[in-house]
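1. Just the structure for this:
(2 chains)
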Protein chains: 2
Amino acid sequence: MRERDLLRHIYQRSAALGERVTLGPGDDMGGVRFGDRELLVTVDQVADGVHFHLAATPLDLLARKCIVRNLSDVAAMAAVPVAAVAAAALPQGFGQLRADELFEHLQRIALGYDCPLIGGDVTVWDQRLLITITVFADPGGIAPVRRSTARPGDRVYVTGELGGAWDEQGGGPHLTAEPRLALARALARSTAVGLHAMIDLSDGLATDLRHICEASGVAAEIEVDCLPCRDTIRHDGRPPWRHALTDGEDYELCFTADGEVPETIAGVPIRAVGRILPAARRQSPIVLLLPDGGRRALTETGWQHDHDPDRDPERG
Amino acid sequence: MRERDLLRHIYQRSAALGERVTLGPGDDMGGVRFGDRELLVTVDQVADGVHFHLAATPLDLLARKCIVRNLSDVAAMAAVPVAAVAAAALPQGFGQLRADELFEHLQRIALGYDCPLIGGDVTVWDQRLLITITVFADPGGIAPVRRSTARPGDRVYVTGELGGAWDEQGGGPHLTAEPRLALARALARSTAVGLHAMIDLSDGLATDLRHICEASGVAAEIEVDCLPCRDTIRHDGRPPWRHALTDGEDYELCFTADGEVPETIAGVPIRAVGRILPAARRQSPIVLLLPDGGRRALTETGWQHDHDPDRDPERG
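-> Prediction:
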């Protein structure tokens, strides 16, 4: 089973949710009218053996990843975090001290983003640790930036650096990512930028840009020489740009815009990596411009979470 | 590790969450100011082997339990559900068809309570099924009813019937409970009732009334002859009232009030089962009035979710 196939199916079934719903499942956040505002909500699970390796991950970094993974979705809509709730299924023997420590870290880190934890749930079971965070956010006077509004002629941009987010021991940049909240607000506020669509990079640029293309009914080409490749990418015989496309868990932003985009915002580099094209028929919506000048339709790759990351052939 | 000790610890650490927070962790729902309203939030996990047995539970009943477990918390605050998000960690081999079916049931059941699912997350792993639901609610013009506002002299009431919610095969009333949303609104709206404190019965009356006592700084006595015992309670040598006190997963309401309480609301029976007393020193806050006229302080029992329900000695 592929996570995106499953989610796609869920979205198709979610029509007719009532007039209160402003954004059904299928974007970075769902939305619902609440009083005089729109309430935006995202939920994400962080599972031992899939998104981290408990034995190799300090609890403060684990807590940080749990919060950041959700706040990255908030950034992708250019929204403002309001509060969060945390649920944890703890393995037997995890121990109360460590559980306390985990929740204290979650609260401390969430508060650091002005997003207090206001509730929680704890279950103890004989399975591995799973942490589920739900974050709710306020559009803060900016229309939520969606995946479905990319236009042919837009340039495609990414923030920060991509690829190699996991090191061989399970550590690496995926544990210390910074949600691009302020950057996203600055992009969305600027009329010069001409921001159209945005998504956060959790599954890898190849997969996440495909989400934009499918939701927007467009195609995209990526100039692989332009990809900002992290220098932590392992030397495994594959070119670094392949890692930048498919490794995943970068928690950077990918967006499309047709105006003037700054080279950096708040110290974070922004790189043009391609452009949006009219929808392609009968082929992948993503085309790569290779270093040798060739063009190649990108097959469906990207990191599927139902693989053990240590055994995922795409991770090298 | 005991769930309530852990949660109690988390609550103690949750001071200073900022002026936006109206209800920190520790009640049935957390609360935060959002625009012109108060946003209430609850999160609950439903885990295979703890809250249900996958092999013995049809997916529609499982989905129903997931939604009802959360809506019961909404009822406990006399609030109105607005929307929900669902996260599932699926065991490998669960299959896309069953996953689709599960999410369709979740959406259908949630919509039946006017609480659309507006987002979700799916992870596939090599562990058991875990479903986490977060529900958002609106106070709907009524101050959220808390656990901490019981007063000496109040009578203690429960709705419906208690005990025996699990049968030997893992089925039973815990899968078909009805969240007491309308009943709770009617209680809270009525000035004649004099509603003071409320909680939903998930861990068993003994444990949940203890939560009210601890949060309110009071004690309580329960007349065990008054407990409305379900006729599905197993004959295991223990009196039915012991099951009604400790079996758990009733998803009924327990509340305290000092006015005129109807015997039924919307066809649901309401039974007076005891009263609130001033705080007791150096003993359990819960005292039982036994059928033989004796009084006994209730030791800390109730269903702890870190036990396998099949092996929990309290479940008989």
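
2. C-terminal to the lowest-mean-pLDDT helix or strand in chain A, what's the next element?
-> Using mean pLDDT, DSSP states H and E, helix A:3-12 stands out as the lowest-scoring helix or strand of chain A, at a mean of 54. Next in sequence after helix A:3-12, counting helices and strands by DSSP states H and E, comes strand A:21-23.

3. Quick check: which helices or strands does that next one pack against?
-> Applying 3 or more C-beta pairs under 8 Å, 6 or more residues apart in numbering or on different chains; DSSP states H and E, we find strand A:21-23 packed against strand A:30-34. Just so you know, the C-beta spots here come from the backbone N, C-alpha and C atoms, and that holds for glycine as well.

4. Now do the buried residues in the strand it packs on.
-> Under the neighbour-count criterion of 16 or more other C-beta atoms under 10 Å in any protein chain shown, strand A:30-34 has A:30-32, A:34 buried.

5. Put together CSV for these, with pLDDT and distance to chain B on each row.
-> Output for these, formatted as CSV (pLDDT from 0 to 100; distance: C-beta to the nearest C-beta, whole Å):
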residue, pLDDT, distance to chain B
A:30, 94, 3
A:31, 95, 7
A:32, 96, 4
A:34, 96, 6
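
6. Who are the contact partners of residue A:69?
-> Counting by C-beta atoms under 8 Å, 6 or more residues apart in numbering or on different chains, residue A:69 touches A:44, A:46, A:51, A:133, A:202, A:251.

7. was I right about residue A:115 contacting residue A:81?
-> Yes: with contact defined as C-beta atoms under 8 Å, residue A:115 reaches residue A:81; the gap is 3.8 Å.

8. ok, the closest residue in space to residue A:126 that isn't next to it in sequence - how many residues close by?
-> Leaving aside its sequence neighbours, residue A:126 sits nearest to residue A:92 (C-beta to C-beta, 6 or more residues apart in numbering or on different chains; 5.4 Å). Neighbours of residue A:92 under the rule other C-beta atoms under 10 Å in any protein chain shown: 11.

9. Look at residue A:182 and say how many residues are nearby.
-> Neighbourhood size, residue A:182 [other C-beta under 10 Å]: 13.

10. rewinding a little: spell out which residues are contacts of both of residue A:115 and residue A:81.
-> Joint contacts of residue A:115 and residue A:81 (C-beta under 8 Å, 6+ apart) are A:71, A:135.

11. out of the contacts of residue A:69, who has the most neighbours?
-> Busiest of these [other C-beta under 10 Å] is residue A:133, holding 32 neighbours.

12. all helices for chain A, in order.
-> Assignment of helices within chain A using DSSP state H yields the ranges A:3-12, A:59-76, A:96-112, A:181-189, A:205-216, A:240-246.

13. ok, now how distant is residue A:252 from residue A:227?
-> 11 Å (C-beta to C-beta, to the nearest Å).

14. do residue A:133 as well
-> Counting by C-beta to C-beta, the separation of residue A:133 from residue A:227 is 29 Å.

15. Next: residue A:135.
-> Residue A:135 is 29 Å from residue A:227, where distance means C-beta to C-beta.

16. quick one: which of these two has more around it?
-> Shown here are residue A:135 and residue A:227; by other C-beta under 10 Å, residue A:135 has more neighbours (29 against 23).

17. what's that one in contact with, if anything?
-> Contact analysis of residue A:135 by C-beta under 8 Å, 6+ apart lists A:41-43, A:70-71, A:73-74, A:81, A:83-84, A:115.

18. For chain B, tell me which of the residues you listed show up nearby.
-> A:41-43, A:83 (C-beta under 8 Å from any C-beta of the partner chain).

19. ok, of the contacts of residue A:135, which come out buried?
-> The neighbour count (16+ other C-beta under 10 Å) marks A:41-43, A:70-71, A:73-74, A:81, A:83-84, A:115 as buried among the contacts of residue A:135.

20. Now render those as a markdown table, adding distance to residue A:270.
-> Supplementary listing: the buried ones among the contacts of residue A:135 in a markdown table, determined by distance: C-beta to C-beta, whole Å:
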| residue | distance to residue A:270 |
| --- | --- |
| A:41 | 27 |
| A:42 | 23 |
| A:43 | 28 |
| A:70 | 23 |
| A:71 | 19 |
| A:73 | 19 |
| A:74 | 19 |
| A:81 | 22 |
| A:83 | 29 |
| A:84 | 27 |
| A:115 | 24 |
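
21. and which of the residues you listed is nearest to residue B:156?
-> residue A:83 (32.1 Å; C-beta to C-beta).

22. Quick check: the closest one touching residue B:22?
-> No: distance between residue A:83 and residue B:22: 10.2 Å, which falls outside the contact criterion (C-beta under 8 Å).

23. Mind listing the shared neighbours of the two?
-> residue B:32.

24. Can you pull out the low-pLDDT segments for the stretch 1-150 of chain A?
-> The stretch 1-150 of chain A contains residues with pLDDT under 70 at A:1-15.

25. change it to 80
-> In the predicted model, the stretch 1-150 of chain A carries pLDDT under 80 at residues A:1-16.

26. Then the stretch 151-300 of chain A?
-> A:280-283, A:299-300.

27. so what's whichever residue of it sits closest to chain B up against?
-> Residue of the stretch 151-300 of chain A nearest chain B, by C-beta to the nearest C-beta: residue A:202 (10.6 Å). Residues near residue A:202 by C-beta under 8 Å, 6+ apart: A:69, A:72, A:208, A:248-251.

28. Tell me where the stretch 101-250 of chain A has strands.
-> Assigned by DSSP state E, counting those that start in this stretch, the stretch 101-250 of chain A shows strands spanning A:117-125, A:130-138, A:155-159, A:195-201, A:218-223.

29. okay, the fourth one in CSV with CA atoms only?
-> What follows is strand A:195-201 as a C-alpha-only set of coordinates in CSV (Å, rounded to 0.1, in the frame of the first residue of the first chain):
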residue,chain,number,x,y,z
LEU,A,195,3.0,33.5,-4.8
HIS,A,196,0.6,30.9,-6.2
ALA,A,197,1.0,27.5,-4.7
MET,A,198,3.0,26.0,-1.8
ILE,A,199,3.7,22.7,-0.1
ASP,A,200,6.2,21.6,2.5
LEU,A,201,8.8,19.0,1.6
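
30. Partner strands of that strand, with direction?
-> Taking DSSP bridges as the criterion, strand A:195-201 forms sheet pairs with strand A:252-257 (antiparallel).

31. Any idea how far the partner strand is from the middle of the chain?
-> Put simply, strand A:252-257 sits 11 Å off its chain's centre (C-alpha atoms, centre = their mean, to the nearest Å).

32. can you list contacts of it?
-> A:72, A:75-76, A:145, A:150-151, A:154-162, A:177, A:180, A:183-184, A:187, A:193-201, A:205, A:208-209, A:212, A:276.

33. go again using 7 Å as the cut-off
-> Residues outside strand A:252-257 that contact it (C-beta atoms under 7 Å, 6 or more residues apart in numbering or on different chains): A:75-76, A:150, A:154-160, A:162, A:180, A:184, A:187, A:193-201, A:205, A:208-209, A:212, A:276.

34. One more: stretch A:179-196?
-> Contact with stretch A:179-196 is made by A:68, A:71-72, A:74-76, A:78, A:142, A:145, A:149-151, A:154, A:159, A:198, A:251-253, A:255-261, A:265-266, A:268, as judged by C-beta under 7 Å, 6+ apart.

35. So how do I select the buried members of the residues you listed in PyMOL?
-> Selecting only the buried entries of those in PyMOL, with 16+ other C-beta under 10 Å as the criterion:
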select buried, chain A and resi 68+71+72+74+75+76+78+142+145+149+150+154+159+198+251+252+253+255+256+257+258+261+265+268
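
36. For residue B:141, see how far away residue A:166 is.
-> For residue A:166, the distance to residue B:141 (C-beta to C-beta) stands at 50 Å.

37. ok, the two, which is more surrounded?
-> Shown here are residue A:166 and residue B:141; by other C-beta under 10 Å, residue A:166 has more neighbours (25 against 10).

38. pretty sure that one contacts residue A:172?
-> Yes: contact criterion C-beta atoms under 7 Å: residue A:166 and residue A:172 qualify, at 4.9 Å.
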